[in-house]
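Asker: kindly return the folded structure for what I paste below:
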Amino acid sequence: LERKDQTSLALSVLFYQGKKDKSAEDDYGSLSVAFDSVKLIENGTPAVSERFVCELNQCLLTANTAQHAESRVNLNDAFGIPFQAIEEPMPNVKLAGGFDVTLRTMFKEQRCQTRYGKIENASYPISPQMRMDLQAALEWAGSSEQKDTTWINTDKNEVLFAYPSSLPKQPVSFTAIFKQNCDKSIAFSSQAKQFIQELKQKEIGTDSNAKRITIFVLRKIDKARTKVVYTRQTDPCELEKCSEEWTLGCANLPPFPFETPKTLYPLDIADVLNRFWKQSGEVATDKFKPVPQYHGIEILMDSKLSVSADLHRLSESAMSIGSFFGNLSAKNAWSQPMQKKAKDMLALMGLLFYRERIGKEKYMESLPYLYGQLLKAADELHALYCKVVRNGEVPPQFVGGALFQSAAEAPIRTLNILSQRIMPYYSWAKSYRLKGIMEADKESWRAGWLYRICEQIVDKLQNSWAPQTRFSDEEKAQLFIGYLAAFPKKEQSEKNSKEDSTNE
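Answerer: Numbers count the residues shown, from 1 in each chain. Next up, the predicted model:
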């Protein structure tokens, strides 16, 4: 071994491990190796000796006793209250929202929790009195009587809490601003304004009813674990500012042929983003929900939160369902559920554009929006042609809707295809507008009006045209809005239309 010659053979002869079972080929016995120190040997206490083991055990016992003695010393808990350390577990609380939670725990068997050298009670000391106060407060806030006041269920395994630092004498719902109640007629702006006024009501000797408002969301991870997934400290002034910005964002839209989209409530945002469409107008699945239900509250409360991922998700949905919505619009065959889903998407697009500092005055003059208007005009013209020439027989898709997706992927090539496909209906409208027909749904003046709309949009496109290979997420959303938005010029009255036709 000193010569370092055939070391492996020398070690196998010196330490023969043997075999536990003769039938086993690789099941060898074990070998213990002890590393010693020259100074220990010179001191007369080598590592492999009874004296060394006894002294080591005595040191360990002494350290353990000192730790227990230290734990019995009076301490201050996390809230500054003096107390003596206790080993009792934190109390459990049963909430009416279907949750059984422990106030706080750091289980010692989870090794990753010991990285700071403290575990369980030592990691966050709380006095017995404060434990009782916290337990009582959470039991009250989560009681069934406080539903829709201090808490609401946001999802199957999720609950939202919102409460002030001091309770007002008159009961106030602190959750109504986040989720629409049973009365669907109450708009978000009205609800938010009423909520802020109630919060700012002053009582004798106080500045307001709520100087500080706490918001947090609990989610049940599994049967044994409940986690706080979102928390926020706010006040009435911040809530007022955020709600005003939210209302302005959802209204960042042009006029539409149907009713103006309503301002969304924050907890409605996730439903829009988690809706995956088929091109047939059906929902692909309702089980996959990548966006958490409380995401709308994050957008409401944090003006600097990036919404790029949300805009990407929304633009994908727009590309899937755009042609279907355009088909319904051209036929004027909207159902109430479909119209609501379309308006929710539009309101969210307006909000996300507002967060990106893109106002409607800006994007309504952009290439993608005007492109969408041109596709809409092509659909309207095609639909009128089918009513007049084909006696109401319409194809599965109109000329504009058939090119909606390809317009976002290849704008230049698609525009060339559109110009070829629309030309027969364009030429027909040029002659039909002079007929003077006033039959319902077959008015000739409408053909002339659509003819002029197409010309006006093409002129604007020439001024804003830029060579692009494909549209970005923002531009896809603008294309979708332009495709569903009303035309900038209203339909002329019958009298004026007749005069125009005569003059031409």
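Asker: could you use CA atoms for every contact and neighbour count after this?
Answerer: Fine.
Asker: so where's the stretch 351-500 of the chain uncertain?
Answerer: 489-500 (pLDDT under 70).
Asker: show me where it has helices.
Answerer: 360-363, 367-389, 399-402, 404-409, 411-432, 444-464, 473-484, 494-503 (DSSP state H, counting those that start in this stretch).
Asker: counting contacts, what elements does the third one pack onto?
Answerer: If I follow you right, that is helix 399-402. Under the contact criterion of 3 or more Cα pairs under 8 Å, 6 or more residues apart in numbering; DSSP states H and E, helix 399-402 touches helix 308-331, helix 367-389, helix 411-432.
Asker: quick one: closest of the helices of the stretch 351-500 of the chain to Ile81.
Answerer: helix 473-484 (53.9 Å; Cα to Cα).
Asker: now Ile215: phi and psi?
Answerer: Main-chain dihedrals, Ile215, degrees, to the nearest 10: phi -130, psi 130.
Asker: leaving out the residues flanking it, which one is nearest to it?
Answerer: Excluding the flanking residues, the one nearest Ile215 by Cα to Cα, 6 or more residues apart in numbering is Ala162, at 4.5 Å.
Asker: shaky segments in this structure?
Answerer: 17-29, 64-74, 85, 105-122, 202-210, 489-504.
Asker: quick one, strands of it?
Answerer: 74-76, 82-84, 92-95, 99-102, 151-155, 158-164, 213-220, 226-234, 276-277, 283-285 (DSSP state E).
Asker: quick one, which of these is nearest to Lys241?
Answerer: strand 226-234 (11.2 Å).
Asker: which strands and helices sit next to that closest one?
Answerer: strand 99-102, strand 213-220.
Asker: again, only this time at 6 Å
Answerer: strand 213-220 (3 or more Cα pairs under 6 Å, 6 or more residues apart in numbering; DSSP states H and E).
Asker: now for the strand it packs on, which elements pack on it?
Answerer: Strand 213-220 sits against strand 158-164, strand 226-234, with contacts defined as 3+ Cα pairs under 6 Å, 6+ apart.
Asker: now do the contacts for the residue nearest to Ile215.
Answerer: Counting by Cα atoms under 6 Å, 6 or more residues apart in numbering, Ala162 touches 150, 174, 214-215.
Asker: and Gln58, how many residues sit next to it?
Answerer: 11 (other Cα atoms under 10 Å).
Asker: do the same with the one 5 residues further on
Answerer: Using other Cα under 10 Å as the criterion, Ala63 is surrounded by 11 other residues.
Asker: residues in contact with it?
Answerer: For Ala63, counting by Cα under 6 Å, 6+ apart, there are no contacting residues.
Asker: and for Ala347?
Answerer: Ala347 neighbours (Cα under 6 Å, 6+ apart): 250, 261.
Asker: swap the cut-off to 10 Å and go again
Answerer: Ala347 is in contact with 247, 249-253, 260-264, 269, 341, 353, 481, counting by Cα atoms under 10 Å, 6 or more residues apart in numbering.
Asker: neighbours of the closest residue to Glu393 other than its chain neighbours, just the number please.
Answerer: Nearest residue to Glu393, sequence neighbours excluded (Cα to Cα, 6+ apart): Cys386, at 6.0 Å. Close neighbours of Cys386, defined as other Cα under 10 Å, add up to 18.
Asker: what about Glu443, how many residues nearby?
Answerer: By the criterion of other Cα under 10 Å, Glu443 has 19 neighbours.
Asker: would you confirm that it contacts Leu381?
Answerer: No. Glu443 is beyond contact range of Leu381, at 12.0 Å (criterion: Cα atoms under 10 Å).
Asker: re the thing from before, show me which of the contacts of Ala347 are buried.
Answerer: For the contacts of Ala347, a burial check counting by 16 or more other Cα atoms under 10 Å picks out 247, 249-253, 261-264, 269, 341, 353, 481.
Asker: from Ala347, how far out is the residue nearest to Ala485 when sequence neighbours are not counted?
Answerer: Using Cα to Cα, 6+ apart and skipping the chain neighbours, the partner closest in space to Ala485 is Phe256 (4.5 Å). According to Cα to Cα, to the nearest Å, Phe256 and Ala347 sit 12 Å apart.
Asker: shared neighbours, those two?
Answerer: Common contacts of Phe256 and Ala347 (Cα under 10 Å, 6+ apart): Ile481.
Asker: Ala408: neighbour count?
Answerer: Residues near Ala408, counting by other Cα under 10 Å: 25.
Asker: meant to ask about Ile213, not that
Answerer: 18.
Asker: repeat for Lys360
Answerer: Counted with other Cα under 10 Å, Lys360 comes out at 18.
Asker: look up how far Cys242 lies from it.
Answerer: Distance from Lys360 to Cys242, counting by Cα to Cα: 20 Å.
Asker: try Ile269
Answerer: Taken as Cα to Cα, the span from Ile269 to Cys242 is 15 Å.
Asker: Val93 now?
Answerer: Relative to Cys242, and taking Cα to Cα, Val93 is found at 33 Å.
Asker: again, but for Lys331
Answerer: For Lys331, the distance to Cys242 - Cα to Cα - is 39 Å.
Asker: next one: Ser308
Answerer: Taking Cα to Cα, one finds Ser308 at 19 Å from Cys242.
Asker: which one's more surrounded, these two?
Answerer: Between Ser308 and Cys242, Cys242 has the larger neighbour count (other Cα under 10 Å), namely 17 against 14.
Asker: how close does the more buried one get to Leu14?
Answerer: Relative to Leu14, Cys242 is positioned 79 Å away (Cα to Cα).
Asker: circling back to that earlier point, so of the helices and strands packed on helix 399-402, which one's packed in deepest?
Answerer: Stretch with highest mean neighbour count among the helices and strands packed on helix 399-402: helix 367-389 (a mean of 24; mean count of other Cα atoms under 10 Å).
Asker: can you state the direction angle for that one and helix 473-484?
Answerer: 30 degrees (axes from the mean of the first three to the mean of the last three Cα atoms, to 10 degrees).
Asker: counting contacts, what elements does helix 367-389 pack onto?
Answerer: With contacts taken as 3 or more Cα pairs under 10 Å, 6 or more residues apart in numbering; DSSP states H and E, helix 367-389 sits against helix 308-331, helix 399-402, helix 404-409, helix 411-432, helix 444-464, helix 473-484.
Asker: could you dump those helices into a markdown table with distance to Ala224 added?
Answerer: A markdown table is the format used below for the helices and strands packed on helix 367-389 (distance: least, Cα to Cα, whole Å):
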| stretch | distance to Ala224 |
| --- | --- |
| helix 308-331 | 32 |
| helix 399-402 | 51 |
| helix 404-409 | 47 |
| helix 411-432 | 54 |
| helix 444-464 | 59 |
| helix 473-484 | 41 |
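Asker: find the residue at the geometric middle of the protein.
Answerer: Nearest residue to the geometric centre of the chain (Cα atoms, centre = their mean): His295, 3.5 Å.
Asker: now for the closest residue in space to it that isn't next to it in sequence, how many residues are close by?
Answerer: Taking Cα to Cα, 6+ apart, and ignoring the residues beside it in sequence, His295 has Ala270 as its nearest neighbour in space, at 6.5 Å. Residues lying near Ala270 (other Cα under 10 Å) number 19.
Asker: please report how far Ala270 lies from Ala447.
Answerer: Where Ala447 is concerned, Ala270 sits at a distance of 41 Å (Cα to Cα).
Asker: before we move on, what about Ala162?
Answerer: 56 Å.
Asker: from Thr469, how far off is Glu409?
Answerer: For Glu409, the distance to Thr469 equals 7 Å [Cα to Cα].
Asker: no, scratch that, I was asking about Pro266
Answerer: Taking Cα to Cα, one finds Pro266 at 35 Å from Thr469.
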